[in-house]
Each structure stands twice: as structure tokens, then as C-alpha cells.
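Trainee: The sequence and its predicted three-dimensional model are supplied below.
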Amino acid sequence: MQFKSMVVSNVEVSPGYFRMRMTAPKELEKTLPGQFLMLKVSESIDPLLRRPFGFFDVGVLPAEYAGGADQTYAEILFKVVGKGTKMLSTLHHGDLVDLLAPLGKSFNPGPAGEEKLLVGGGIGLAPLYYLAKELVAKGEKVRLFAGGRNRDDILCITEFERLGVETYVSTDDGTLGESGLVTEVLDRHLAPGKRIFACGPTPMLRAVAIMAERHQVPCQVSMEAYMACGVGACLGCVLPGAAHTEETPDYRCVCKDGPVFDSFELKWS
């Protein structure tokens with residue numbers, strides 16, 4: 001769907017990181033964890049392209065909090081990294097934005113009873129919150145492994161803990177949680193009967209995928225890529241698939257074939 005959405009709130013949750021809540025049509029309540037939206041930052045042609053953002057949360061504000069009628073909302077987390085996200089950070093309550101949503105493939109929660117391990121780095125924590133919310137609602141046991149360069153990159157941990165998610169935090173410089181890489185913490189908790197869901201920088205996802213294969217643990221990864229269209233038309237966000245060679249190319253569109261993939265679908269070398 002393409003629709004206009006009103007900004008409800010836009011709060012800086014950590015230096016350079018913002019959490020934005022927007023109104024949404026009721027149909028968006030069917031959005032699944034791992035799907036994303038394409039947001040037009042400005043009505044002008046500068047910047048021209050929409051920006052992709054994973055859903056941090058989708059829900060309904062009860063009538064008593066929404067001015068007399070239930071109101072569906074969607075939330076995103078974003079980091080200010082360029083002109084588009086800088087403009088986005090200046091939006092306030094009442095401003096309008098243009099969205100395309102929901103897009104892409106979602107996470108597959110897998111069989112009930114498995115322990116679900118969520119692994120996120122920096123802004124990669126965004127789609128994992130919505131996933132954690134859905135898994136906890138189904139009675140699943142969920143653990144979160146959050147990593148970043150420093151404490152400013154560890155986002156919304158309190159929200160995960162309020163869901164009842166057991167959290168493990170690590171930072172490269174040791175300013176919050178353990179000192180070191182999040183993959184080092186994850187490695188100590190891997191065993192058969194568990195399932196990994198990861199989102200973050202590609203080097204982190206590569207390490208998680210290799211680790212999951214070694215421990216024979218199913219692993220799904222949500223990939224990040226520059227997207228122009230969000231629907232697979234421009235082919236600007238392709239990644240090599242597992243069978244890719246120069247003689248027999250095998251490419252996957254992050255926006256259409258993903259952004260969530262089973263880790264064995266992609267070529268990591």
C-alpha cells in the first residue's frame with residue numbers, strides 16, 4: 001500500500017538514533033516481523049529516493065489514548081547518517097510522510113518450543129523488537145544478544161526486558177555489558193534445539209552464519225542494503241546467492257527475495 005502517515009512522536013533515544021511513531025491504516029496490523037517500509041522523506045525531489053526502514057513495532061493505540069477511536073501505529077528506529085535521515089530527525093508531531101508498506105519477506109518463527117536467540121548490532125536491533133514481541137506473545141523463550149561499538153549503539157534494551165526477554169549486552173570498548181564482540185557471547189549459548197534470528201552489519205551476520213553452521217543451528221539473517229524501489233524492479237540491492245559463480249551467476253534481491261534469508265541461501269565468502 002501507499003499511504004500518507006502522520007508523525008505522532010519522534011524521540012532521540014541515544015545520540016544520533018531516533019524512534020519515530022506514525023499513524024497507519026488498519027491493514028498494516030497484518031505486518032509481520034522482518035518486513036519493512038519505504039519512506040519518502042520530503043515532498044521535493046531532493047532527496048529523490050525513498051529510504052527503507054524495518055518495522056520496530058506495529059500496534060494499536062486504544063481509543064482513550066487516540067482521541068476517541070482506536071488508532072493503528074507503526075514505529076521505526078533510525079540513525080542519522082546522511083541528508084535524508086537528518087531531515088527525518090527534524091520531523092515533529094503532525095508532520096506528514098508518504099509510505100510504501102509492508103514490503104519484503106518476514107522472519108519464519110520456526111517450530112514451537114525451540115529457544116529463540118535474537119542477535120542484533122546497532123540499528124539492527126530494530127526489527128528484532130517486533131519479532132521478540134510476537135514470539136513472547138506465543139509463549140516462546142527468547143534471548144537477546146545486543147552488540148555495538150559503545151554504549152550509545154545499544155538501543156531500547158529496556159523495551160526488550162519489559163517483554164520478559166533475557167538480554168546479553170556487549171560493546172567493543174566495554175562501556176556497557178561485556179567487553180568484546182556480540183558473537184563471542186552468542187557462541188557460548190549455541191546448541192542444538194535453538195534457532196537464531198540476526199540483523200546488523202554484514203561482517204557480524206557473516207560471523208553468525210558461520211557459527212550457526214558449525215553448531216548446526218538454524219539461522220535467519222535480515223540483510224541491510226541500499227534500496228531505490230523496494231519491490232525488486234531496479235536490481236540495485238542484489239547479493240550473491242550460495243550457488244553464485246562467475247560462470248553461473250546467482251543473485252538475490254534484498255528487497256524482494258528478502259530482507260530475511262536463511263543463512264545458507266547466501267554466499268558469505
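Mentor: Nice, I can see it.

Trainee: which element is the residue nearest the centre of the chain on?
Mentor: The centre of the chain sits closest to Pro127, judged by CA atoms, centre = their mean, with a distance of 2.7 Å. Using DSSP states H and E, Pro127 falls within helix 126-137.

Trainee: Next, the contact list for Lys105, please.
Mentor: The contact partners of Lys105, by CB atoms under 8 Å, 6 or more residues apart in numbering, come to 34-35, 257-261. C-betas here are computed from N, CA, C, even on glycine.

Trainee: Now distance to Phe145 and secondary structure too, for the residues you listed, in CSV please.
Mentor: Below are those laid out as CSV (distance: CB to CB, whole Å; DSSP: H, G, I helix; E, B strand; the rest coil):
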residue, distance to Phe145, secondary structure
Gly34, 17, coil
Gln35, 22, coil
Asp257, 26, coil
Gly258, 21, coil
Pro259, 19, strand
Val260, 18, strand
Phe261, 19, strand
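
Trainee: now the helices for the stretch 51-200 of the chain?
Mentor: For the stretch 51-200 of the chain, the helices defined by DSSP state H, counting those that start in this stretch occupy 83-89, 126-137, 157-162, 182-187.

Trainee: Can you give me the distance of the residue nearest to the centre of the chain to Pro52?
Mentor: Separation of Pro127 from Pro52 (CB to CB, to the nearest Å): 11 Å.

Trainee: so what sits against both of these two?
Mentor: Common neighbours of Pro127 and Pro52 (CB under 8 Å, 6+ apart) are Phe36.

Trainee: picking up where we left off before, spatially nearest residue to the residue nearest to the centre of the chain (excluding sequence neighbours)?
Mentor: Nearest residue to Pro127, sequence neighbours excluded (CB to CB, 6 or more residues apart in numbering): Gly54, at 3.7 Å.

Trainee: residues near that neighbour, how many?
Mentor: By other CB atoms under 10 Å, 27 other residues sit near Gly54.

Trainee: show me the contacts for it.
Mentor: Shown in contact with Gly54 (CB under 8 Å, 6+ apart): 34-36, 76-77, 126-127, 199, 222, 259.

Trainee: 10 Å - rerun?
Mentor: Gly54 makes contacts with 33-37, 76-78, 104, 123-131, 199, 222, 224, 259-260, as judged by CB atoms under 10 Å, 6 or more residues apart in numbering.

Trainee: Beta-bridge partners for it, please?
Mentor: Taking DSSP bridges as the rule, Gly54 bridges to Phe36.

Trainee: Looking at it now. What's its pLDDT?
Mentor: On pLDDT, Gly54 comes in at 95.

Trainee: what's the distance between it and Leu128?
Mentor: To Leu128, Gly54 is 9 Å away according to CB to CB.

Trainee: Equivalent analysis for Met211, please.
Mentor: 17 Å.

Trainee: who has more neighbours, those two?
Mentor: Legend: neighbour count by other CB under 10 Å for Met211 and Leu128, higher for Leu128 (30 against 20).

Trainee: Apart from its neighbours in sequence, what residue is nearest Arg151?
Mentor: Nearest non-adjacent residue to Arg151 (CB to CB, 6+ apart): Leu176, at 3.8 Å.

Trainee: So what's the residue count around that neighbour?
Mentor: With other CB under 10 Å as criterion, Leu176 counts 17.

Trainee: wouldn't it be in contact with Asp153 here?
Mentor: Yes. Contact criterion CB atoms under 10 Å: Leu176 and Asp153 qualify, at 8.9 Å.
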